[in-house]
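Undergrad: Dropping the sequence and predicted coords here.
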Amino acid sequence: MVFKCHKAFKEGRENVEDDPRSGRPISSTNDQNVEVVQAVMAQDRRLCVRMIAEETGLDKNSVHRILTDHLHMRKNLCKTSAEKFVCGAKSEPVGNLSGFAGKTRN
């Protein structure tokens, strides 16, 4: 990459900006989609990016881009609670898994 840039400037290029690229521009971050995501967030602010994407029909990356760049919000990834995991054939929840944080397999 550096050699390509060096060659371009050696041949007389003066602009450091990227050249226009062919292909489809990002169209999922239009004003209508921003309003849809904002309306979903107004209903329930506890929704994670994946849940918002499922509800709106947009891509997860698009929802994340709208939340961070346009609405200036931070959203965490969806987290599954520890109570939903079960060990082996047991049917009761595992509970608190904080004791396993420092242990590694041998």
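TA: Sure, I can see it.
Undergrad: Flag the helix or strand of this protein with the lowest per-element mean pLDDT.
TA: One helix or strand of the chain scores below all others by mean pLDDT, DSSP states H and E: helix 2-10, with a mean of 85.
Undergrad: and it, what does it pack onto?
TA: Of the remaining helices and strands, none touches helix 2-10 by 3 or more C-beta pairs under 8 Å, 6 or more residues apart in numbering; DSSP states H and E. Yep, even glycine has a C-beta here, placed from its N, CA and C like the rest.
Undergrad: Please pull up the helix or strand immediately following that helix.
TA: helix 31-43 (DSSP states H and E).
Undergrad: Show me what that next one is in contact with.
TA: Here helix 31-43 makes contact (C-beta atoms under 8 Å, 6 or more residues apart in numbering) with 47, 52, 55-56, 58, 62-63, 66-67, 70-71, 73.
Undergrad: quick one: which of these is most hemmed in?
TA: residue 63 (28 neighbours; other C-beta atoms under 10 Å).
Undergrad: Show the average pLDDT along the helix or strand that contains it.
TA: According to DSSP H and E, residue 63 maps onto helix 60-65. If you average the pLDDT over helix 60-65, you get 90.
Undergrad: For that helix, name the packing helices and strands.
TA: So helix 60-65, by 3+ C-beta pairs under 8 Å, 6+ apart, packs with helix 49-56.
Undergrad: tell me the average confidence for the helix it packs on?
TA: 92.
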